[in-house]
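Trainee: Provided below are the primary sequence and the corresponding predicted coordinates.
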Amino acid sequence: MKALINFKYLIIYSIGIFTCFYTNTYSQTNFTSKDVKVNLFSSTPLEDIKAESKKGFSVIVPKNKQIMFQLGIKSLVFPRPLMQEHFNENYMESEKYANATFKGTINEDVDFTKDGNYDITVNGLLNVHGVAKQRIIAGKFNIVNGKITVYSSFDVLCDDHNIKIPKIVFTKIAEKINITVNASYN
């Protein structure tokens, strides 16, 4: 009988410890977005290059002010199939470098429980074409009724990520690519 009472206390104690751990670990929600929209744009005197993907992924971890984005390179869709093929095979080598990622820390304090617009900067690593570069990227958070949207626009230099542009097409492809990111989080 005494062993049964001790066993009951052990179970109750274990449940209490688990509840405290669970509450402390998961009390602040992480936010995810599975349909991040990414646009790519470059302009030269001969041609504008545009592509779009709605298949990016992102996570915000408010507890440690972390934010992460991932985009499958092949998910970018161009207006012309040949342009898309050249982008994946000749420049981005998508078979070898399948994803572009960014992981960083939000520099400003954001109250994720309060509606508002927040101008933010994120200090982190942008990894494109297998080359990681330290970047500070500016963006905007908009929080309404607990829903978060993020917007950012920034430039990426091809040379920074060892993306080689052959001289023969140099006038058609810009050295600087503009990237815009729009994400809505649950």
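Mentor: That came through fine.

Trainee: so what's residue 119 up against?
Mentor: The contact partners of residue 119, by C-beta atoms under 8 Å, 6 or more residues apart in numbering, come to 108, 138-140. To be clear about C-beta, it is placed using only N, CA and C from the backbone, and glycine gets the same treatment.

Trainee: I'd like to know which of the residues you listed are buried.
Mentor: Buried members of those, counted by 16 or more other C-beta atoms under 10 Å: residue 139.

Trainee: return the member of the contacts of residue 119 nearest to residue 32.
Mentor: For the contacts of residue 119, the residue nearest residue 32 by C-beta to C-beta is residue 139; the value is 17.0 Å.

Trainee: how about the secondary structure of that closest one?
Mentor: strand (DSSP: H, G, I helix; E, B strand; the rest coil).

Trainee: partners of it in the sheet?
Mentor: Bridge pairing for residue 139 (DSSP bridges) gives the partners residue 120.

Trainee: quick one: it from residue 176, how far?
Mentor: 19 Å (C-beta to C-beta, to the nearest Å).

Trainee: now residue 106
Mentor: The gap separating residue 106 from residue 176 is 25 Å, by C-beta to C-beta.

Trainee: cool, and residue 140?
Mentor: Taken as C-beta to C-beta, the span from residue 140 to residue 176 is 22 Å.

Trainee: which ones are touching the residue nearest to residue 118 when sequence neighbours are not counted?
Mentor: Nearest non-adjacent residue to residue 118, counting by C-beta to C-beta, 6 or more residues apart in numbering: residue 141, 4.2 Å away. By C-beta under 8 Å, 6+ apart, the contact list for residue 141 reads 110, 117-118, 120, 148-150.

Trainee: out of those residues, list just those in strands.
Mentor: Counting by DSSP state E, the part of the contacts of residue 141 found in strands is 117-118, 120, 148-150.

Trainee: what's the local residue count around residue 182?
Mentor: Burial of residue 182 is recorded as 17 neighbouring residues (other C-beta atoms under 10 Å).

Trainee: and whatever helix or strand residue 51 lives in, what's its mean pLDDT?
Mentor: Using DSSP states H and E, residue 51 maps to strand 48-61. For strand 48-61, the mean pLDDT works out to 96.

Trainee: got it, and stretch 110-128?
Mentor: For stretch 110-128, mean pLDDT rounds to 96.

Trainee: can you list the buried residues in that stretch?
Mentor: Neighbour counts over stretch 110-128 (16+ other C-beta under 10 Å) mark 110, 112, 118, 120, 122, 124, 126-128 as buried.
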